[in-house]
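Return atomic coordinates for the entry below.
(one chain, ligands or ions: 3)
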Amino acid sequence: MTTTPAPGVPPTPRPDTPRVVTTRADLRAALDGWAAAHPGARRAVVMTMGALHAGHLELVRRARAEVGPDGQVVVTDFVNPLQFGPGEDFERYPRDVAADVALLAAAGDDVAVDVVFAPAVEELYPDLGPAAGGAGPIVRVTSGRIGTVLEGASRPGHFDGVLTVVLKLLHLVRPDVAVFGAKDAQQLLAVRRLVADLDVGVEILAVPTVREADGLARSSRNAYLSPAERDEALALSRALRAGRDAADAGADAPGVLAAARGILDAADGVELDYVVLVDPATVEDLAPGAVGPGLLLVAARVGTTRLIDNAAVEIAPPATRAADPDGRAPAPGGTA
Ligand SMILES: Nc1ncnc2c1ncn2[C@@H]1O[C@H](COP(=O)(O)OP(=O)(O)OP(=O)(O)O)[C@@H](O)[C@H]1O
Ligand SMILES: CC(C)(CO)[C@@H](O)C(=O)[O-]
Ligand code: BAL
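Ligands and ions are numbered 1, 2, ... in the order given. Got it, this is the predicted structure:
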């Protein structure tokens, strides 16, 4: 892919491999250099913890589509210690920046990345090292109620850590748009609230969950699963499909939730953390009589691996729910 030059400057081919920078100073130089060579170009960021997979590539594709060939796409590759609690998988989390860069370099022009920012922990958090007492930043973002329910209840402090690093990365990269995955639905909502509540000047875009052919949501943590566990993990996406099918067939909110829960309760090897049907705008439980959009959220442990997944559903109004395809009134007590 070539980029459109400033007037009078010959077009330069975009390098095949993204430029990898690890310091704030080199990041700034890469951003400023691009802006100088491409006046008016837009910039997009895709924030990741590395161990890149097809889900991440979809986020990059969206980012590239958003800024065009002259725009600059930055991928951040950083396992953020602030969002991991004691006993979680911070140490075990897969880290291989070279493999991530190779995957990006092998992707097509529509997934072209200009810069990979892969800082060391001390670069982002000078106060976190042993020399500084290990406490980390004094001032952090608090995620409020969103950060205390569901993922936040199971992982106390997680969303404060996520929002703190997201805000830092937004300040460092200064993008026009930032692309996040719908797979991490509560995170997406928290980031949207961060941007709205703190008046951060960036557009947040969401990409639908990318799945494997059998329905399993792509996730870096899938790498932890043994083949048998991977089969067991399919119960999550099956449960969401059952909930969605129930909604499509006219079930009410409790019926939708029961359909999903039934699959999970019957599944082998799945230790359920939660399955809930929530208001997508708040992640608060949907009332039994609610109609309209809902979000089914599931979190479960399969072996030692904690997985999350979700699906949007639409709860039909009772009148629609009750009518049969010919529009006749329902039999008394009928539900669907
Ligand atoms: N299957 C997917 N579809 C769409 N977006 C995804 C998918 N997996 C991850 N993302 C998005 O990629 C971004 C970076 O996520 P991250 O690096 O944590 O990957 P992950 O696969 O979610 O990892 P983990 O397994 O640790 O949760 C997030 O915005 C996340 O929602
Ligand atoms: C947004 C994020 C990169 C912050 O560390 C992380 O939570 C993730 O990968 O989803
Ligand atoms: N994918 C969200 C980041 C985390 O689980 O820590």
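
from here on, contacts and neighbour counts on C-alpha atoms
Will do.

Get me the contact residues on this protein for ligand 2.
47-49, 80, 162, 165-166 (Cα under 6 Å from any ligand atom).

if you look at the residues you listed, which of them are in strands?
47-48 (DSSP state E).

The residues of the chain next to ligand 2 also near ligand 1: which ones?
Applying Cα under 6 Å from any ligand atom to the residues of the chain next to ligand 2, those adjacent to ligand 1 are 47-49.

Could you identify which of the residues you listed has the most neighbours?
Within those, most neighbours by other Cα atoms under 10 Å means residue 47, with 24 neighbours.

Would you mind naming the residues that bridge with the residue lying closest to it once chain neighbours are set aside?
Closest residue to residue 47 apart from its sequence neighbours, by Cα to Cα, 6 or more residues apart in numbering: residue 76 at 4.8 Å. Bridge pairing for residue 76 (DSSP bridges) gives the partners residue 47, residue 117.

How about residue 302?
Bridge pairing for residue 302 - DSSP bridges - gives residue 270, residue 305.

residues touching it, list them.
Residues in contact with residue 302 (Cα atoms under 8 Å, 6 or more residues apart in numbering) are 225, 229, 232-233, 269-271.

what's the closest of those to ligand 1?
Of all the contacts of residue 302, residue 225 has the smallest distance to ligand 1: 11.0 Å, by Cα to the nearest ligand atom.

circling back: can I get the residues of the chain next to ligand 2 in JSON lines with pLDDT?
Formatted as JSON lines, the residues of the chain next to ligand 2 follow (pLDDT from 0 to 100):
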{"residue": "47", "pLDDT": "99"}
{"residue": "48", "pLDDT": "98"}
{"residue": "49", "pLDDT": "98"}
{"residue": "80", "pLDDT": "98"}
{"residue": "162", "pLDDT": "98"}
{"residue": "165", "pLDDT": "98"}
{"residue": "166", "pLDDT": "99"}
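
Give the buried residues for stretch 36-47.
Of the residues in stretch 36-47, 37-38, 41-47 count as buried by neighbour count, 16 or more other Cα atoms under 10 Å.

Please save the CA atoms from that stretch in CSV.
C-alpha atoms of stretch 36-47 as CSV (Å, rounded to 0.1, in the frame of the first residue of the first chain):
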residue,chain,number,x,y,z
ALA,A,36,4.2,16.0,9.3
ALA,A,37,4.3,13.8,6.2
HIS,A,38,0.5,13.4,6.0
PRO,A,39,-1.2,16.7,6.8
GLY,A,40,-4.7,16.2,8.0
ALA,A,41,-4.3,12.4,8.4
ARG,A,42,-6.5,10.8,11.0
ARG,A,43,-5.2,8.4,13.6
ALA,A,44,-6.8,5.3,15.0
VAL,A,45,-5.7,3.2,18.0
VAL,A,46,-6.4,-0.5,18.8
MET,A,47,-5.4,-1.3,22.3
